[in-house]
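> 3D, please:
(chains A and B)
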Amino acid sequence: MIAQQIINAVSLGGVYALLALGLAIVFSIVGLINFAHGELMTLSGYALLACLVFGLPFPLAVLVAVSCGALAAVAMERVAFRPMRGASVTSLLLTSFAVSSLLKVVFQNGISARPQAVAMPGWMTGAFSFGDFTIGVGPSISIVVSALALIALELFLRRTVTGTAMRAAAEDFNVVRLMGIPASRIIATAFLLSGLLAGLAAMLWVAQRASVDPLMGFTPVLKAFIAAVVGGLGSLPGAVAGGFLLGIIEVLLQATLPGAVAPYRDAIVLSGVIAVLLIRPQGLIPAVRAQRS
Amino acid sequence: MLSVEALKIRYGEVEAVRRVDLAVDSGEIIALVGANGAGKSSTLSAIAGLVPAASGKVIFDGADITGLAPEAIARKGVALVPEGRRIFASLTVADNLRLGGAVHLTPPEARAREEEMLELFPILRRYHRAKGGNLSGGEQQMLAIARALMSKPRMVLLDEPSLGLAPQLIDTVFDLIAELRRTGLTILLVEQNVALALEIADRAVVLANGEVVLSGTAKELASSDLVRQAYLGA
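Sure, this is the predicted structure:
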């Protein structure tokens, strides 16, 4: 029972971490808090549904769905955010709200306001047991996928020139441009990565629920936003730490709170967030940022 | 090689630069001197494309580069070493250097160039794996210059390389600038320390309140009454 709860906690934390990382990457480079991040998730969910309805094999369907999330993120930047480049944080925030609302309406009117069932393969809902422990296949896959995604991202940021340029751009974007590295390439890569992570998170989210609805992305991205702020907005290690922390606390509270107090779970979690921010206003692992002119 | 014609720069209502004309020939060091707020750094930033020109032109190698993005100007072979060094503090010295040559050189060329830079700046070899933010001010200035040189630029814009450095380090940095000129590099140097700038430059341009008030060879300026009284304290 305890082992199962720990697996659930880490698995939920992993999804929050992937989403929080996506928010943090974009924020660290363009200073935008992308509230339309959840809609990238939803879009990937619908893409998976469509691929499965058209009879694509499951692995291929996942690949197409995740790519859809990544491409949609790049398209979002081109259409909505690029014309706003250099605008204030507030204008960017409002733009992302507009994109988010627009996409939600498109999903509701174009597809359906009701949840659509996604036929996940049967083995994903199974479980395997070691002696007394029973562990769900879904949460285990979720942990493995999150871990691999985090490692791949870390390698990309450390080992490639573009990744190094992105870390530099988070510190001082103009100086990166002085090195001859195009601003558009850095920004497009940031959105591509955030969309990729949102797509992966969507797959893990849908795997646990086997349905997609227009508001699917809202709750997890709200949580991811909290995780990113707790970790230190714009800090990538902070986003991962915040995501896991939030996921683990949520599941542990769920498992341990007595029935009468259980409805106050989110209130308790958010009080914890306030406490953390009172003690460390810059978050757990603050972002490094040089002067900006 | 570079000419700036009737450059004007505005930040909102404030005119930071009213009118600057200057020309830099190939292989020269031109010093742009003047008091704080005279418009020196703004002029360099406009040449590098970091701030827009309100009017006027910047011509490099016969091509109009006014209004181009900073990355496009960098690709033409103009490298700016910004004021305050602005090295990437969280990146290693090696990564700082690598980014300097990232788009200009092929990987083998970049490795060879990095080796040249480490020969020129032995201190950077010693701290190769250290984070840029852990270096001292003088070391960071060396890194900022080396990072700009990684791209094998044809012209370097140096913004206040002596700022915040101890006197001995200032000498080291200026010896280095003199050595760079011997390699044929064209340099536009902005400097508040007028005496030092005139020692090293071929020609100089004096700015005051966003306008050119005097220009000539470094020797002429060093002996001019205006410069002696206003900047050299003689």
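> okay, helices next: where are they in chain B?
With helices called from DSSP state H, chain B shows them at B:40-48, B:70-75, B:93-101, B:107-120, B:122-126, B:137-149, B:167-182, B:194-200, B:218-223, B:225-230.
> who wins for proximity to A:Thr256 among those helices?
helix B:93-101 (45.0 Å; C-beta to C-beta). C-beta here means a position set from N, CA and C on the backbone, and glycine is covered the same way.
> elements contacting that closest one?
helix A:161-171, helix B:107-120, helix B:137-149 (3 or more C-beta pairs under 8 Å, 6 or more residues apart in numbering or on different chains; DSSP states H and E).
> can you redo those helices as TSV with distance to B:Met1, mean neighbour count and mean pLDDT?
Below are the helices and strands packed on helix B:93-101 laid out as TSV (distance: least, C-beta to C-beta, whole Å; neighbours: other C-beta atoms under 10 Å in any protein chain shown; pLDDT from 0 to 100):
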stretch	distance to B:Met1	mean neighbour count	mean pLDDT
helix A:161-171	28	22	94
helix B:107-120	22	15	93
helix B:137-149	17	23	93
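> nearest to chain A: which residue in chain B?
B:Ala74 (3.6 Å; C-beta to the nearest C-beta).
> tell me the confidence at that residue?
Looking at B:Ala74, its pLDDT reads 95.
> my read: it touches B:Ala148, true?
No - assessed by C-beta atoms under 8 Å, B:Ala74 is found out of contact with B:Ala148, at 9.3 Å.
> closest residue of the stretch 51-200 of chain A to chain B?
Closest point on the stretch 51-200 of chain A to chain B, by C-beta to the nearest C-beta, is A:Gly180, at 3.6 Å.
> pull the contacting residues for the residue of chain B closest to chain A.
Neighbour list for B:Ala74: A:177-180, B:48, B:80, B:103, B:151 [criterion: C-beta atoms under 8 Å, 6 or more residues apart in numbering or on different chains].
> quick one: which of those residues is nearest B:Lys8?
Nearest to B:Lys8 among the contacts of B:Ala74: B:Ala48, at 16.6 Å, using C-beta to C-beta.
> could you report the neighbour count for the closest residue to that closest one other than its chain neighbours?
In space, and not counting its chain neighbours, B:Ala48 is closest to B:Leu80: 4.0 Å by C-beta to C-beta, 6 or more residues apart in numbering or on different chains. Neighbourhood size, B:Leu80 [other C-beta atoms under 10 Å in any protein chain shown]: 28.
> what's the helix or strand for A:Asn174?
Assessed by DSSP states H and E, A:Asn174 sits inside helix A:173-178.
> any residue of that helix touching chain B?
Yes - using C-beta under 8 Å from any C-beta of the partner chain, helix A:173-178 reaches chain B at A:174-178.
> show me what the helix or strand following that helix is packed up against.
Proceeding N to C from helix A:173-178, the next assigned helix or strand is helix A:183-209, under DSSP H and E. Packing partners of helix A:183-209 (3+ C-beta pairs under 8 Å, 6+ apart): helix A:2-30, helix A:37-53, helix A:58-76, helix A:137-159, helix A:161-171, helix A:173-178.
> other residues contacting the fourth one?
Residues from elsewhere that reach helix A:137-159 (C-beta under 8 Å, 6+ apart): A:7-8, A:10-11, A:14-15, A:17-18, A:21, A:123-128, A:162-164, A:166-167, A:193, A:197, A:200, A:203-204, A:207-208, A:236, A:240.
> filter those residues to the buried ones?
Among those, those buried by neighbour count (16 or more other C-beta atoms under 10 Å in any protein chain shown) are A:7-8, A:10-11, A:14-15, A:17-18, A:21, A:163-164, A:166-167, A:193, A:197, A:200, A:203-204, A:207-208, A:236, A:240.
> how many residues are close by A:Glu77?
For A:Glu77, the neighbour count with other C-beta under 10 Å is 24.
> for it, which non-adjacent residue is spatially closest?
Distances taken as C-beta to C-beta, 6+ apart place A:Phe191 nearest to A:Glu77, at 4.3 Å, with adjacent residues excluded.
> I figured the one you found hits A:Gly69, correct?
No - the pair A:Phe191 / A:Gly69 is not scored as a contact, 10.7 Å apart, by C-beta under 8 Å.
> what residues does chain A have near chain B?
Those residues of chain A that sit near chain B, judged by C-beta under 8 Å from any C-beta, are A:161, A:164-165, A:167-168, A:171-172, A:174-183, A:288, A:290-291, A:293.
> picking that back up, the residue nearest to A:Glu77: neighbour count?
Neighbours around A:Phe191, by other C-beta under 10 Å: 28.
> kindly report the same for A:Ala152.
11.
> do you know how far it is from B:Phe174?
Per C-beta to C-beta, to the nearest Å, A:Ala152 is found 46 Å from B:Phe174.
> pLDDT below threshold where in the chain?
Let's take chain A. Within chain A, the segments meeting pLDDT under 70 span A:1, A:289-293.
> I was thinking of chain B, sorry if that wasn't clear
In chain B (pLDDT under 70), the answer is B:233-234.
> residues contacting the most centrally placed residue in it?
Centroid-nearest residue in chain B: B:Leu158, 1.3 Å away (criterion: C-alpha atoms, centre = their mean). Contact partners of B:Leu158, counting by C-beta under 8 Å, 6+ apart, are B:81, B:145, B:177, B:187-191.
> check B:Met1 too.
B:Met1 is in contact with B:24-26, B:60-61, B:154-155, B:186, counting by C-beta under 8 Å, 6+ apart.
> 7 Å instead, please
Shown here is B:Met1, whose contacts under the criterion C-beta atoms under 7 Å, 6 or more residues apart in numbering or on different chains are B:24-26, B:61, B:155, B:186.
> ditto for A:Lys223
A:16, A:246.
> same check, this time on B:Arg203
Here B:Arg203 is in contact with B:28, B:30, B:216-218 (C-beta under 7 Å, 6+ apart).
> same question, B:Ala102
So, once contact is read as C-beta under 7 Å, 6+ apart, B:Ala102 ends up touching A:161, A:165, A:179, A:181.
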